[in-house]
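Asker: The sequence isn't on hand, but the structure is:
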């Protein structure tokens with residue numbers, strides 16, 4: 001599968017921004033293919049893939065939320 005280099009650059013910048021401002025923390029995934037990031041302020045979980053970002057939802061359509069006391073401490 002071949003990806004446009006501009007798309008890869010935009011995705012890498014998205015990851016960098018998510019980590020830079022310390023609002024989001026990666027809780028799953030070692031590659032750019034599939035990762036789960038959590039918003040430290042709201043607890044909402046996001047699936048981050050090469051094709052984009054979307055919130056994870058439960059069977060009722062509500063966002064999956066990680067309680068703040070279960071998130072790693074900030075540096």
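Answerer: Looks like it came in fine. The structure presented is a predicted model; accordingly, all values stated were derived computationally and were not measured.

Asker: Only C-alpha atoms from now on, for both contacts and neighbour counts.
Answerer: Noted.

Asker: Residue 66: how many residues sit nearby?
Answerer: 15 (other CA atoms under 10 Å).

Asker: can you check residue 64 too?
Answerer: So residue 64, with other CA under 10 Å, has 16 neighbours.

Asker: What spatial separation is found between it and residue 37?
Answerer: Separation of residue 64 from residue 37 (CA to CA, to the nearest Å): 11 Å.

Asker: For these two, list the residues in contact with both.
Answerer: Common neighbours of residue 64 and residue 37, using CA atoms under 8 Å, 6 or more residues apart in numbering, are residue 45.

Asker: Can you give the distance from stretch 47-66 to the centre of its chain?
Answerer: Remark: stretch 47-66 is offset 9 Å from the chain centroid, using CA atoms, centre = their mean, to the nearest Å.

Asker: How about stretch 39-50?
Answerer: From the chain centre to the centre of stretch 39-50 is a distance of 4 Å (CA atoms, centre = their mean).
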